[in-house]
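[1] Predicted model and sequence follow; I will ask about them next.
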Amino acid sequence: MDQRFLLLAVLLPLLGGALLPLTHKAGKKVMYGTVYVITLATSLLTWALILTCKAETLTVVVLTKELTLSLRFDGLGRFFAGIVATLWPLTVLYASEYMKHEERQTAFFSFFTMTYGVTLGVAMAANLFTMYAFYELLTLATVPLVMHPMTRRAVRAAKTYFTFSLGGAAFAFTSIMFLIGNGYGGDFRFGGFLEAGYSGSKNLMLAFYVIGFLGFGVKAALFPAHVWLPKASVAPTPVTALLHAVAVVKSGVFAVIRLTFYAYGTGVLAGTWAQNTVMAFAIFTIFFGAARAVKEQHWKRRLAYSTVANLSYILFGVSMMTQAGLAAGLLHMAFHAEIKILAFFCAGAVLHGTGREMLGQLNGLGKKMPITFGCFTVAALALTGIPPFSGFVSKWSLLTAAAQAQTGMVYLGAGVLLFGALLTAMYMFTVVCRAFFPCAGSEDGKLASEHEVSWRMTVPMTILAAAILLTGIFAQPIVNAALAIAGGIR
């Protein structure tokens, strides 16, 4: 397929979302239908590009010799775009039910659709400048989604998210300008730019890499810049599902992978103080996020802290700077996306159907909402790392990669990962036990009117639950793809 279709895949949801307010007078059915068509068309086009497009560069805008806005679909970009294109239509179907009684629906779906295009722009970026441009646009597109309820808490959460994102972007920009200033502004190249030609101060170069890692790590909720993520759980659940599972946080992880393996290069980073520094941040974040999730009693915020921990599972794999570590990180990037978006869908279904959001309010609710809590049980099993679900495959791969690395810091990370699995079981199965096995007398007759949510919410949840099982049982093609990308194969 021609490279020009890369631009179409980005522009279709961008322009479609921007023009969506024109459907306002035609009614909600037309608006929903337009969103469905744009989303499905974009996903089908993206998958066609993933399967057929060559890894050649499409230059869209030339600013200077070093700064061009260019698109290119290599293996890593295809992997990320595949995750996004698969999960977005399910989220739109879920959102059409969740948001049907909310105000300002047209504005919501307008930004929601534009975010799809921006996220694909991050995936398809051919160079540092293009990736950074879409990365910044992602913040601008998602801030209105976080503050959509327009409550005081939502506005504060949006301000926090915007402030942290700008700060992180400034750090990332500094790191990128170091590379471009030294003449390394071309297309991403597996192995990086610096191994063969950089002759400047190595410590200075390493410092700029750490700055860039921490900058992009803001969207990946790396401690101590994780603060925005739990606060953002005040947004509507379709937004938090995408923020915490697909678009924003995975874009942060994706950018860190680009910076590490396709810009600086592990040849100049592995075995240095910079590697130990970024790995230490990832290891501590795993422990911190899991521990806070156990303590948190608000269901969506509990899942948010879980996301904080699990994103650093991926960063831990990346910071090993080995083929096995990167492949394991990519696997967890994909499998965590499907698991966590399902977990948020379940929490949102309960909030939408019953108004309950605290753990103490879930007692006995599993009998009234068996599909919702059955799907959440699948998510709990997978996130804990129980076979044959997909989460087991990625966590086992991380532990295997850690065993192969044979360094003290990596062994420490493996130990924290195992302890994190124990904490994951605690904070996930607490919900399951409350829903299905409440203490005697805890239901107190308050569940008589509760019932399962509509098919627009249960169908996406059921599909995701089945996908989690199937991608765990038949994981080998995805494992092979991750290994090929980590080995530098396009």
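    Received it, and whenever you're ready, just let me know what you need.

[2] quick one: what helix or strand has residue 189 in it?
    Assigned by DSSP states H and E, residue 189 belongs to no helix or strand.

[3] Which neighbouring elements make contact with the longest helix along the chain?
    When the chain is scanned for its longest helix (criterion: DSSP state H), the result is helix 323-354. Counting contacts by 3 or more C-beta pairs under 8 Å, 6 or more residues apart in numbering; DSSP states H and E, helix 323-354 is packed against helix 75-98, helix 237-245, helix 247-257, helix 299-319, helix 370-384, helix 390-405, helix 455-473, helix 476-486. Heads up, the C-betas are built off the backbone N, CA and C, glycines and all.

[4] so where's the stretch 151-300 of the chain uncertain?
    Along the stretch 151-300 of the chain, the model assigns pLDDT under 70 to residues 196-197.

[5] Averaged pLDDT, the longest helix of the chain. What do you get?
    Mean pLDDT, helix 323-354: 92.

[6] related to what we said a few turns ago, figure out which of the helices and strands packed on helix 323-354 is closest to residue 114.
    helix 247-257 (11.1 Å; C-beta to C-beta).

[7] Quick one: residues in contact with the following helix or strand past the closest one.
    Proceeding N to C from helix 247-257, the next assigned helix or strand is helix 266-269, under DSSP H and E. With C-beta atoms under 8 Å, 6 or more residues apart in numbering as the test, helix 266-269 has contacts from 191-192, 194-195, 198, 202, 205-206, 209, 260, 275, 321-322.

[8] for the helices and strands packed on helix 323-354, which one sits closest to residue 326?
    Of all these, helix 476-486 comes closest under C-beta to C-beta, at 3.9 Å.

[9] ok and that closest one relative to helix 247-257, angle-wise?
    Using axes from the mean of the first three to the mean of the last three C-alpha atoms, to 10 degrees, the direction of helix 476-486 lies 50 degrees away from that of helix 247-257.

[10] Buried residues, helix 476-486. List them.
    Residues of helix 476-486 classed as buried by neighbour count (16 or more other C-beta atoms under 10 Å): 478, 479, 481, 482, 483, 485, 486.

[11] Please apply the same query to stretch 158-166.
    Quick answer for stretch 158-166 (16+ other C-beta under 10 Å): 158, 160, 161, 162, 164, 165.

[12] Any chance you could list what contacts that stretch?
    139, 142-144, 146-147, 218-219, 225, 227-228, 231-232.

[13] Now with 7 Å, please.
    139, 143, 146, 147, 218, 219, 225, 227, 228, 231, 232 (C-beta atoms under 7 Å, 6 or more residues apart in numbering).

[14] among those residues, who's most crowded?
    residue 219 (32 neighbours; other C-beta atoms under 10 Å).

[15] hang on, isn't that one packed against residue 249?
    Yes. Between residue 219 and residue 249 there is a contact under C-beta atoms under 7 Å: 6.1 Å.

[16] What separation do you get for residue 285 and residue 316?
    Distance, residue 285 to residue 316, using C-beta to C-beta, to the nearest Å: 9 Å.

[17] Next: residue 246.
    Taking C-beta to C-beta, one finds residue 246 at 20 Å from residue 316.
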